[in-house]
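# Can you look at this prediction? I've put the sequence above it.
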Amino acid sequence: MATTITYDELNKGWTSFHSYEPEWMDRLGNNFYSFKNGNIYLHDSNSTRTNFYGTNYGCNVTVSVNKEPSTVKVFKTIGLESNSSIWSAVLNSEQESGVIYTGKFVDKEGIKYGYIRRGSADFLNFNELSIIGLGNLQATLGSNQFEFTSNIPNQITANNVNNGTGDKLYFNNGSTLELGVISNINANVITVYSIANAPAVGNFCFVTKNSDSESFGLRGYHSTIKLTNQSTSFVELYSVNSEVMKSYM
């Protein structure tokens, strides 16, 4: 895989990595040109950013948070000093992964804050409080209603909008299978919008909380944070910080 890098003669170092891959680059006077598929392109000729040869590559930067490297910590939030809120973030530590999706950074007194949510690899992590056991299925009522012996815990909620997100009901019949997004709760009966897989009476069932409803936090000695911004406008990023606390697990 080819990589385009640039050298800064003033700082005497390789300072930038670029996603676009030209066939040739050259400078004529104060103008910078590159060639792609036999066509010549003049760079910095308009206000559109991160768009090369008709493709928007976006921009990304990866940083590391490594304070007190011998202590296991919980990373709760990411704070950005930036003129843009449309960042997304992927975080990784030695133990877990987490995400902040585009649109989830909110402006608080000029700082863009985002709460770290569960990554796909941790969605069915049974060490997390986001998974709530219900016990064995007692009865199936109709095609999408399921009855249990006890009332459903209060921390489980129904989504009244069928948009594919929300708390999800799962069951285990030797393999863990998704049943569906919870649409209604009535005492000890759960209704889902549509059934992804059919359970049997006696199968153990549990619920995974909607990741948007909780601050997951990321545990580890240190965290790498990859920030991505797809804007084609001018974007500045001055600093990256994280709200961190010691883990007592």
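Perfect, I can see it now. Numbers count the residues shown, from 1 in each chain.
# pLDDT-wise, which helix or strand of this protein ranks last?
Ranking every helix and strand in the chain by mean pLDDT, DSSP states H and E puts strand 117-118 at the bottom, with a mean of 80.
# partners of it in the sheet?
strand 97-100 (antiparallel) (DSSP bridges).
# average pLDDT for the helix or strand just after the partner strand?
Scanning the chain past strand 97-100 towards its C-terminal end, the next helix or strand to appear is strand 106-108 (assignment: DSSP states H and E). Average pLDDT, strand 106-108: 91.
# and the most centrally placed residue in the chain, what are its bridge partners?
Averaging the C-alpha coordinates of the chain gives a centre point, and the residue nearest to it by CA atoms, centre = their mean is residue 99 (2.6 Å). Residues found in beta-bridge contact with residue 99 (criterion: DSSP bridges) are residue 90, residue 117.
# surely it meets residue 91?
Yes - counting by CB atoms under 8 Å, residue 91 is a contact partner of residue 99 at 7.0 Å. Glycine gets a C-beta too; all of them are placed from N, C-alpha and C.
# Next up, identify which helix or strand residue 184 is on.
For residue 184, the secondary-structure element it belongs to, assigned by DSSP H and E, is strand 176-186.
# strands paired with that strand, and their directions?
Strand partners for strand 176-186, identified by DSSP bridges, are recorded as strand 168-172 (antiparallel), strand 189-192 (antiparallel).
# just to revisit the earlier point, okay, the residue nearest to the centre of the chain and residue 159: tell me how far apart.
Separation of residue 99 from residue 159 (CB to CB, to the nearest Å) stands at 20 Å.
# Below-threshold pLDDT in the chain: ranges please.
1, 119-129, 211-216, 249 (pLDDT under 70).
# For it, just list every one of the helices.
Using DSSP state H, the chain contains no helices.
# What residue spans form the domains of it?
Residue ranges for the structural domains of the chain, counted by automatic domain parsing, are given in the record as 4-57, 60-122+214-246, 131-213.
# Figure out how far the longest one is from the centre of its chain.
In other words, domain 60-122+214-246. Once both centres are worked out by CA atoms, centre = their mean, to the nearest Å, domain 60-122+214-246 turns out to sit 9 Å from its chain's centre.
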